[in-house]
Every structure is written in structure tokens, then in C-alpha cells.
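J.: return atomic coordinates for the entry below.
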Amino acid sequence: MAEVRGGGGGGRSGNGRKPKKRQTKTPGANIRRDGFQYNTSIGMMIGIRVSLRRQQFMHIRPPTSDDFENIISTGFPPAGTPSTVTDPLKITPAHSLQDQFHFKDYAPKVFASLRAAWGIDSEAYMSSVCGRHNYLEFTTNSKSGQFFFFSHDGKYLIKSVSVPERRFLSKILPSYYRHMVDNKHSRMCRFCGLHRVEFPNKKKMRFVIMESVFDVAMADRVYDLKGSTAGRISTPQNRIKRGYVMKDQDIKDLGDVLNLGRVRKRAFLDQLTKDAQLMNELNIMDYSLLLGIVEEKALKVEMRDGSIVYKYIDVDHHEMVDYEEAERLKEK
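T.: This next block holds a predicted model:
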């Protein structure tokens, strides 16, 4: 397992030059405008948009036991609802798909409450997940038939789930909700919504929306850590690939260390322990910690001849000082 040290701050430094800001490139390619995936993604976007609009008419409050069991099913005819329908909770828009589809929203008030607890703005969430941009297809598991999509800005991952997976998430949702609300700094995956879209051919896709952990394209190294080194090593060829997710033995061999400081180290390990305890109680075995490392130079602030001087230094050998320290120096 990776060593977590109690002293200092930061991580390993780069090559001594001021780092350039990287251009973020969301992984994946635009979904083609034909076939089941495209129609499904359009149905997903329309259904989510209507669901979020309806929630604007609902009071956000701590969910009741009934809210965890609540499922809202809505039909979406191509022409939309007739003009005679005035109830905002029943109105659906016209759409470009040829056939009517049905959309299910699982425990919408619970997930709305979770997003609010995480500080996720409703309009920003809507823009990311169901705005005017297509999803980006990340990868397809051909054996299971499951799909993985990114939102256009890479902030959210949309993953299809099987019937047992959907039922399991609904089953553990009360425990998950309590844990995430009580533990603001939990390292567990943030589930933002659970839905289902169905077309006339009876083909259904259930999917969960998750907040992206971080921008993998921005990280110099990415590790998937399980706390074991048995078989947890990458080939030399894969180690040098940018964005490749390495394993426990790799972080040990490459010498990466997390310098969190004593207080942050204790808080970090305590939170991981709480998260692991919950997963143990829920009989979840296959979990790991996703870690991304970005090489940066630390910014040091100094007073020189009455003026404030900023310079980039190696974080391994110097104390790192932030911009707040610069303001304190100005006041002096």
C-alpha cells in the first residue's frame, strides 16, 4: 500500500520549469447519430431534464422512508403532451425521436437532497448532464452489453447498470445516504441519480450518474489502490502511458508518497476507515482508492528589498507558502 507520511506538504516536483497549464481533453468520442446508443442518450437527456425541472417545484427537505421507495414513470410521445395539460409535473416536451419512450426516475428526492448536500448547483448539473451537447462514449463492455458515457464537460460519468445492480443500489440507498450526509469528506463515489429509459422494442437501459473523481487527462500518474501487492503491477510499457491506471506495486516501485501533514493524514485515514466499514457492512468486497498525481512546482513567497517575490521551488526541499501568506506580508 502507498505510504502516507505525516510531515510536510505536497508531493514530488517536476523538472524545475514553471509548469504550463494543460489543455483538458475529455476522454471519449461523440456518439454516432444512429443506432441504439444515440437514441438512448437522447432519451436519457430529455428524461433527466424533465425530472430536474419538476424538482424545481418540489421543496428540498430530508427524505422520508417513502422517498427511498418512490419511482416516477413518465411517457414521452414525440409530439409532447397536449396543450390542455397545464400541470407542470405532467408536461413533457416534443422531441425528435420517432417513437414514444418511457423514463423512470428512482428516488428523485433522495438524489436531489444528496446533490444539494454536496453543493452541486441544479442548473450547472442540468447543463452538464442534459444540456445541448451529446454524451461522449467512453468505452463499451461487449460481454455485459453495458455502456459508459461522459458528459460533454467530463464532470459526470453515466454508466449503465444491470437489473441486480439497480436493485442493490436501491436497497443500500438509505445507508449510503446517511453515510454521505454525515461524512462530508467521504472518498466514496458520489451517485447523483438513478434512472431507466425504455423504447417500444422493450429494450431498456438502467443507468446511474456519478460525479467524476477527477480529470484523468490532467494527471501525470493515476493509481487504483486496493491495499495489496499480489498481482498488482503493470508492465513497463503501460507504466509510461499517460492516463494509464497503475496498481499498488507500481506506486511502491515509483516511490510516490503522499505528504499530507499529521492532522490531514489522521483525518484522511479516519475517513477511509469509515468508508471501508460501511462497505463491509453492505457486503461490498471489490473497492479501491483512485489516486491521481499532478506534477507541479510549489509557489514560495518572499520579501526582497521591500517587495514581494514569487518563485517556483521544489516541494521536496522547501516549505510551501500560499497566496494568503502574500497578503499577510503586504500588510506588514
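
J.: and the helices in the stretch 101-250 of the chain, which stretches?
T.: With DSSP state H, counting those that start in this stretch as the criterion, the stretch 101-250 of the chain has helices at 108-117, 122-130, 163-182, 236-239, 248-254.

J.: show me the contact partners of the shortest one.
T.: What that stands for is helix 236-239. Contacts to helix 236-239, defined as C-beta atoms under 8 Å, 6 or more residues apart in numbering, come from residues 244, 246, 250, 254. To be clear about C-beta, it is placed using only N, CA and C from the backbone, and glycine gets the same treatment.

J.: pLDDT on that helix, on average?
T.: For helix 236-239, mean pLDDT rounds to 78.

J.: can you list the contacts of helix 236-239 in JSON lines and add neighbour count, pLDDT and distance to residue 44?
T.: Shown next, in JSON lines, are these (neighbours: other C-beta atoms under 10 Å; pLDDT from 0 to 100; distance: C-beta to C-beta, whole Å):
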{"residue": "244", "neighbour count": "15", "pLDDT": "78", "distance to residue 44": "29"}
{"residue": "246", "neighbour count": "22", "pLDDT": "88", "distance to residue 44": "32"}
{"residue": "250", "neighbour count": "22", "pLDDT": "88", "distance to residue 44": "36"}
{"residue": "254", "neighbour count": "14", "pLDDT": "83", "distance to residue 44": "39"}
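
J.: if we can go back for a sec, and the helices of the stretch 101-250 of the chain, which is most packed in?
T.: With neighbours taken as mean count of other C-beta atoms under 10 Å, the helices of the stretch 101-250 of the chain reach their highest mean count in helix 108-117, at a mean of 20.

J.: tilt between that helix and helix 122-130?
T.: Orientation of helix 108-117 against helix 122-130 (axes from the mean of the first three to the mean of the last three C-alpha atoms, to 10 degrees) gives an angle of 110 degrees.

J.: any idea how far residue 112 lies from residue 57?
T.: 12 Å (C-beta to C-beta, to the nearest Å).

J.: for the closest residue to residue 163 other than its chain neighbours, list the residues it contacts.
T.: Leaving aside its sequence neighbours, residue 163 sits nearest to residue 206 (C-beta to C-beta, 6 or more residues apart in numbering; 7.0 Å). Neighbouring residues of residue 206 by C-beta under 8 Å, 6+ apart: 160-163, 165-166, 194-196.

J.: residue 166 now?
T.: Per C-beta under 8 Å, 6+ apart, neighbours of residue 166: 106, 194, 196, 206, 208.

J.: just the pLDDT for it.
T.: pLDDT recorded at residue 166 is 94.

J.: and it, how far is that from residue 111?
T.: Counting by C-beta to C-beta - residue 166 and residue 111 are separated by 13 Å.

J.: okay, and the common contacts of those two?
T.: With C-beta under 8 Å, 6+ apart as the test, residue 166 and residue 111 both reach residue 194.

J.: from memory residue 193 sits against residue 113, does it?
T.: No - taking contacts as C-beta atoms under 8 Å, residue 193 lies outside contact range of residue 113: 11.8 Å.

J.: name the SS class of residue 263, please.
T.: helix (DSSP: H, G, I helix; E, B strand; the rest coil).

J.: what about it, how many neighbours?
T.: Residue 263 is flanked by 9 other residues according to other C-beta atoms under 10 Å.

J.: for it, what are its contacts?
T.: Neighbours of residue 263 in contact, by C-beta under 8 Å, 6+ apart: none.

J.: angle of the host helix or strand of residue 45 against helix 108-117?
T.: Assigned by DSSP states H and E, residue 45 belongs to helix 36-55. Relative orientation of helix 36-55 versus helix 108-117 (the same axes, to 10 degrees): 80 degrees.
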